[in-house]
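# show me how the following folds:
(one chain, ligands or ions: 1)
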Amino acid sequence: MSVTRLSFPYGESIQWFSPEQISELPDSPLSEWLLSSGSLTQKLRSHCTKFEVKILGEGTITPFNGEFPTQRQAWVREVLLCLDGVAWIFARTLIPANLLDKKETEFLTLGTRPLGELLFSSDNFTPGKIEIAHFTPCHRLAQLTESIKQPVTQELWGRRRYFSYDDEQLIVSETFLPAARKIIEQM
Ligand SMILES: C=C(O[C@@H]1C=C(C(=O)O)C=C[C@H]1O)C(=O)O
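Numbers count the residues shown, from 1 in each chain. Okay, here's the model as predicted:
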């Protein structure tokens with residue numbers, strides 16, 4: 001899989017909804033994956049022999065309009081979560097400067113360890129409500145799916161959660177890539 005950090009950020013401005021606002025969620029089991037409350041990393045690990053985090057990019061950049069209204073800039077981490085060499089999830093995490101200052105070492109030295117190992121191992125992070133999105137990528141994310149040989153032939157489904165730490169919040173969004181949807185729908 002050859003992806004380049006030169007195109008970071010890959011993420012796109014997406015409209016998120018609470019599950020109740022969406023008239024038609026996808027059929028189970030995809031809907032269960034979207035709404036599962038625990039660590040996605042743990043769930044993914046149970047469906048593969050080799051789990052990998054491929055970093056697409058990390059850095060302090062400006063969030064999209066409306067993505068993080070209280071923050072003019074944020075530390076953004078974009079990764080692919082890969083199961084046995086197949087990219088299943090495009091994940092985009094936004095961390096405000098105040099929170100980064102509090103947990104700088106943990107976040108900046110995470111590397112290819114999954115963020116979930118930090119967020120779910122420490123009881124200081126509290127996951128919030130899950131929001132859902134379905135969209136057709138049209139910019140760099142579309143190019144990314146092409147570059148990993150997963151052309152988009154139908155809308156992508158994704159989920160987003162706020163995690164609270166003291167009086168700060170970070171945002172984690174996870175988009176299920178075509179290969180993941182194909183495998184999940186055959187479960
Ligand atoms: C939040 C979690 O961490 C996962 C790992 C991520 C990373 O390493 O950047 C990003 C999103 C998640 O899918 C989780 O496991 O639920």
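# which residue packs closest to the closest residue to the ligand within the chain, ignoring adjacent ones?
For the chain and the ligand, the shortest gap (CB to the nearest ligand atom) falls at G116, measuring 2.1 Å. The way it works is simple: take the backbone N, C-alpha and C, and place the C-beta from them, glycine included. Leaving aside its sequence neighbours, G116 sits nearest to T41 (CB to CB, 6 or more residues apart in numbering; 3.6 Å).
# what helix or strand does that neighbour sit in?
Per DSSP states H and E, T41 falls inside helix 40-45.
# give me the buried positions along that helix.
The neighbour-count check on helix 40-45 (16 or more other CB atoms under 10 Å) flags L40, T41, L44, R45 as buried.
# likewise for stretch 7-24?
Residues S7, F8, P9, Y10, G11, E12, I14, W16, I22 are the ones in stretch 7-24 that count as buried (16+ other CB under 10 Å).
# can you add distance to the ligand and give those back as JSON lines?
Formatted as JSON lines, the buried residues of stretch 7-24 follow (distance: CB to the nearest ligand atom, whole Å):
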{"residue": "S7", "distance to the ligand": "17"}
{"residue": "F8", "distance to the ligand": "13"}
{"residue": "P9", "distance to the ligand": "13"}
{"residue": "Y10", "distance to the ligand": "13"}
{"residue": "G11", "distance to the ligand": "12"}
{"residue": "E12", "distance to the ligand": "17"}
{"residue": "I14", "distance to the ligand": "15"}
{"residue": "W16", "distance to the ligand": "15"}
{"residue": "I22", "distance to the ligand": "20"}
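# helix, strand, or coil at A180?
Three-state call for A180 (DSSP: H, G, I helix; E, B strand; the rest coil): helix.
# pLDDT weak spots in the chain?
When residues are selected by pLDDT under 70, those of the chain lie in 1-5.
# quick one: the strands in it?
Listed in chain order, the strands found in the chain under DSSP state E are 51-61, 74-83, 86-95, 125-135, 156-165, 168-176.
# any idea which of those strands is most buried?
Of all those, strand 86-95 has the most neighbours on average by mean count of other CB atoms under 10 Å, namely a mean of 24.
# ok, and of the buried residues of helix 40-45, which contact the ligand?
Among the buried residues of helix 40-45, the residues that sit close to the ligand (CB under 6 Å from any ligand atom) are L40, T41.
# farthest pair within the buried residues of helix 40-45?
L40 and R45 (9.6 Å; CB to CB).
# give me the common contacts of these two.
Shared contacts of L40 and R45 (CB atoms under 8 Å, 6 or more residues apart in numbering): none.
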